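[1] Whatever this is, show me its structure:
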Amino acid sequence: MTRSSSTQTQMLGLLSVLLAVVAAALLPAADAFYMPGVKPLTFQEGDEVPMKVNAMSSIHTQLPKDYYRLPFCVPEGGAKMASENLGEFLTGNKIQNSPYTINMKRETYCQILCQIQLSKVEARNLRMHIRYGYHNNWIIDNIPSAAIGLTEAGHKQKHYAGGFPIGFVDAGSGDAKDAYVYNHVNINIDYHKPDASTTTDDGYRVVGFAVEPMSIAHYFLGGYDWDGKSSEGYTKSLATCSDGSHMTRDDITSNQIVQENEKVVYTYDVIWNESDVAWSSRWDVYLSEDHLVPAQVHWYSITNSILVVLFLSLLIISILVRNLRRDIAGYNAMAALADEEQDEDIDESGWKLVHADVFRPPQNAAMMYCVFVGSGLQLGVAGFFSIVLSAMGFLNPARRGSLMIATLILYMLCGVVAGYASSRLYKSFRGRAWQTCTLLTATTFPATCFGLFVFFNIVLAFKHSVGSVPFLDVLIVAAMWCCVSIPLVFLGAYFGYKAESISYPTVTSTIARAIPDPGLLLNPYLAIALAGMVPFAAAYVELFFIMTSLWMDQYYYVFGFTFVVYMILLLTCAEVTVLLVYYQLCAENHRWWWFSFLTSGSTALYMFMYSMFWFRSLEPSKIFVTYLLYFGYMFLISFGMFLTTGAIGALSCFWFTRKIFGSIKVD
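    Okay, here's the model as predicted:
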């Protein structure tokens with residue numbers, strides 16, 4: 001079998017493996033596969049079902065706020081924090097107890113919770129948060145509250161992510177645009193009685209939770225004026241409520257406006273509904289948004305990505321493999337000629353002419369090249385395992401903060417990979433400052449992330465946002481970095497430097513060969529600028545859903561699709577970069593090290609440009625911090641993407657150049 005046939009067989013085999021991965025990954029993804037993450041709680045009839053409140057959120061400001069920062073009812077004894085893990089703190093969660101009393105299968109009708117007379121500051125603060133579109137995020141038995149609202153046709157509709165709004169603004173009230181608070185809620189809870197044949201627990205389990213908010217200008221029968229403190233007010237009847245029936249929107253005569261000295265009475269109904277949904281399946285409707293986004297959209301994303309990969313693969317097979325077969329056969333034939341014949345027949349062109357310079361270390365910043373490749377490989381491997389664990393169901397919304405913690409731990413453990421890769425490359429470049437190279441590998445990307453994180457944390461603290469992580473947790477993150485991640489990078493570097501140096505198939509000359517003018521089409525800067533479009537095109541559809549989940553408080557669960565798109569993205573980066581590096585070598589440009597990294601890394605540039613376009617979807621507020629947080633974190637994500645895709649492109653070309661130059665005979 002010829003070398004060309006072998007290469008072509010390898011390419012076709014790679015495509016077969018890719019299609020097998022698609023089939024294996026998409027089947028569970030299409031069924032919203034989910035592995036329960038907590039032990040089920042069983043309640044007896046009449047048992048208290050505790051409800052907790054999380055931080056309020058707004059997609060327009062991206063600044064989560066403490067629930068009790070606004071004039072809402074406070075539980076007796078004050079608000080108390082629920083136990084939280086590091087991941088919950090890092091993701092802006094602040095879970096506390098609530099004053100609502102809920103008992104299993106006990107209906108509640110217009111129960112008075114409290115009355116608050118708004119001061120000038122409280123009215124202004126509440127009005128501002130309503131106008132910024134803040135939402136409440138309540139939790140019962142570890143499942144978040146869905147929101148029950150009305151469609152344009154007047155039909156009720158549930159939205160399962162993002163909580164429910166704290167109020168609304170009357171757009172028809174002139175320039176002032178009066179704000180109204182939702183001071184009454186219908187708490188709808190679905191319960192399920194487990195089959196006695198499947199469990200020994202005798203009782204009921206919560207399998208659904210939705211809130212229908214209403215704004216009602218409450219007042220008491222007989223003109224009773226309550227001060228909001230005496231216990232007598234809790235026994236009085238409200239003229240705006242009906243005894244023995246739950247509140248409906250048709251019962252509302254006027255809404256509760258937000259203004260100074262206004263007395264706001266907070267009330268709630270509790271409605272229990274029996275459900276056939278099993279406890280193990282209760283998250284399915286949350287993850288799929290009740291099939292709001294059809295699975296066909298994700299299939300379109302996968303189809304788009306596969307078509308891009310097939311096109312590139314066929315292009316490489318038809319052009320690159322064919323040209324390489326001709327080149328290698330020609331070069332080896334010339335090597336077999338006698339010296340006098342060789343001088344007459346040799347073709348002084350092509351990539352063989354740079355054999356004495358192709359493995360020359362990068363002319364500029366050789367150490368940073370090794371650092372970037374090692375850091376990118378660390379991110380790529382950590383991302384791979386994070387997606388795999390998520391696709392298997394180990395990291396899911398039932399374990400709040402689990403994805404954040406797992407990503408941090410995997411990234412730290414993969415420090416061994418970063419240290420090993422950067423040290424092997426740096427040793428092959430005959431670098432001497434190995435301690436500096438290893439230290440930069442361990443600190444360049446993490447220090448950038450940690451520095452911006454601390455800066456944003458200080459800004460959020462000044463804005464009184466619960467997105468500000470407590471100082472102790474910041475120290476924990478710093479300790480994880482210094483005591484775990486950095487030593488692991490040095491451990492990997494130790495084994496890398498101890499290993500035998502990478503051997504190259506050609507000998508590097510003392511004087512570098514001059515690079516001819518490449519012309520417009522082969523200009524390396526033009527190739528770097530345009531190459532990123534192809535990998536981005538293979539992933540942009542799924543990127544939209546990831547961005548929506550990240551910035552719009554939506555659930556993302558189709559990690560099977562994500563895994564396939566991630567693998568296709570990396571494969572596309574490798575194919576595009578190998579093809580462009582081949583043409584640069586044919587143009588006698590032997591400076592391919594940084595070119596290969598920047599070519600595939602330019603995918604991150606298109607990702608950041610896309611994030612600038614997508615930012616308008618948030619309808620952002622005019623608060624400067626919103627822009628600072630969004631573009632700051634998108635810069636970090638894009639920087640990580642730059643390192644990951646750049647490392648894949650660089651390592652692919654490293655393998656490619658060693659392969660082709662090892663296939664020819666040179667002096």
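[2] show me where the stretch 51-200 of the chain has helices.
    86-90, 120-131 (DSSP state H, counting those that start in this stretch).
[3] Please identify the most buried of the ones you listed.
    Comparing the helices of the stretch 51-200 of the chain by mean neighbour count (mean count of other CB atoms under 10 Å), helix 86-90 ranks first with a mean of 20. For glycine as for every other residue, the C-beta is placed from the backbone atoms N, C-alpha and C.
[4] Let me know the average pLDDT across that helix.
    Regarding helix 86-90, the rounded mean pLDDT is 78.
[5] circling back to that earlier point, between the helices of the stretch 51-200 of the chain, which gets nearest to Y540?
    When the helices of the stretch 51-200 of the chain are compared by CB to CB, helix 86-90 sits nearest Y540, at 27.5 Å.
[6] name the helices or strands packed onto that closest one?
    If you count contacts as 3 or more CB pairs under 8 Å, 6 or more residues apart in numbering; DSSP states H and E, helix 86-90 packs onto helix 402-413, helix 471-480.
[7] Can you tell me what sits against that helix?
    95, 400-405, 469-470, 473, 476-477 (CB atoms under 8 Å, 6 or more residues apart in numbering).
[8] could you flag which of those are buried?
    95, 400-405, 469, 473, 477 (16 or more other CB atoms under 10 Å).
[9] will you turn those residues into JSON lines that also has pLDDT and distance to L113?
    Output for the buried ones among the contacts of helix 86-90, formatted as JSON lines (pLDDT from 0 to 100; distance: CB to CB, whole Å):
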{"residue": "I95", "pLDDT": "90", "distance to L113": "19"}
{"residue": "R400", "pLDDT": "77", "distance to L113": "26"}
{"residue": "G401", "pLDDT": "79", "distance to L113": "30"}
{"residue": "S402", "pLDDT": "82", "distance to L113": "33"}
{"residue": "L403", "pLDDT": "85", "distance to L113": "35"}
{"residue": "M404", "pLDDT": "87", "distance to L113": "34"}
{"residue": "I405", "pLDDT": "89", "distance to L113": "35"}
{"residue": "V469", "pLDDT": "87", "distance to L113": "31"}
{"residue": "D473", "pLDDT": "86", "distance to L113": "32"}
{"residue": "V477", "pLDDT": "89", "distance to L113": "38"}
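[10] Pipe the helices and strands packed on helix 86-90 into a markdown table and attach distance to M392 per row.
    Converted to a markdown table, the helices and strands packed on helix 86-90 look like this (distance: least, CB to CB, whole Å):
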| stretch | distance to M392 |
| --- | --- |
| helix 402-413 | 12 |
| helix 471-480 | 24 |
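[11] Quick one: closest of these to G78.
    helix 471-480 (21.4 Å).
[12] about what we covered before: can I get the helices of the stretch 51-200 of the chain in CSV including distance to D553?
    Shown next, in CSV, are the helices of the stretch 51-200 of the chain (distance: least, CB to CB, whole Å):
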stretch, distance to D553
helix 86-90, 15
helix 120-131, 16
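[13] Mean pLDDT lowest where, among those?
    helix 86-90 (a mean of 78).
[14] Just the CA atoms of that one, as CSV, please.
    C-alpha atoms of helix 86-90 as CSV (Å, rounded to 0.1, in the frame of the first residue of the first chain):
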residue,chain,number,x,y,z
LEU,A,86,-18.2,27.1,46.6
GLY,A,87,-19.7,26.7,43.1
GLU,A,88,-23.0,28.4,44.3
PHE,A,89,-21.1,31.4,45.6
LEU,A,90,-19.0,31.7,42.4
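[15] From the chain's centroid, how far away is that helix?
    The chain centroid and the centroid of helix 86-90 are separated by 15 Å under CA atoms, centre = their mean, to the nearest Å.
[16] Stretch 423-441 spans what distance, first to last residue?
    End-to-end distance of stretch 423-441: 9 Å, with CA to CA, to the nearest Å as the criterion.
[17] Ok, stretch 268-283 next?
    Stretch 268-283: ends 25 Å apart by CA to CA.
[18] Poorly predicted segments of the chain, please.
    Along the chain, segments meeting pLDDT under 70 span 1-38, 83-84, 152-154, 172-176, 196-200, 289-298, 301, 327-328, 330-349, 665-667.
[19] In it, where's the longest strand?
    If you go by DSSP state E, the chain has its longest strand at strand 263-274.
[20] Sheet-wise, list the partners of it with their directions.
    In the sheet, strand 263-274 lines up against strand 108-117 (antiparallel), strand 184-192 (parallel) (DSSP bridges).
[21] quick one: which of the ones you listed is nearest T577?
    Per CB to CB, nearest to T577 of those: strand 184-192, 52.0 Å.
[22] sorry, back to before: compare the helices of the stretch 51-200 of the chain and give me the one nearest A499.
    Per CB to CB, nearest to A499 of these: helix 86-90, 35.4 Å.
[23] Report the buried residues of the longest strand of the chain.
    In strand 263-274, counting by 16+ other CB under 10 Å, buried: 263-272.
[24] give me the number of residues near D202?
    As a burial measure, D202 scores 10 neighbours (other CB atoms under 10 Å).
[25] Give me the distance between the closest residue to R424 other than its chain neighbours and M567.
    With CB to CB, 6 or more residues apart in numbering as the criterion, R424 has its nearest non-adjacent residue at 4.6 Å, and that residue is G496. Going from G496 to M567 by CB to CB, to the nearest Å gives 26 Å.
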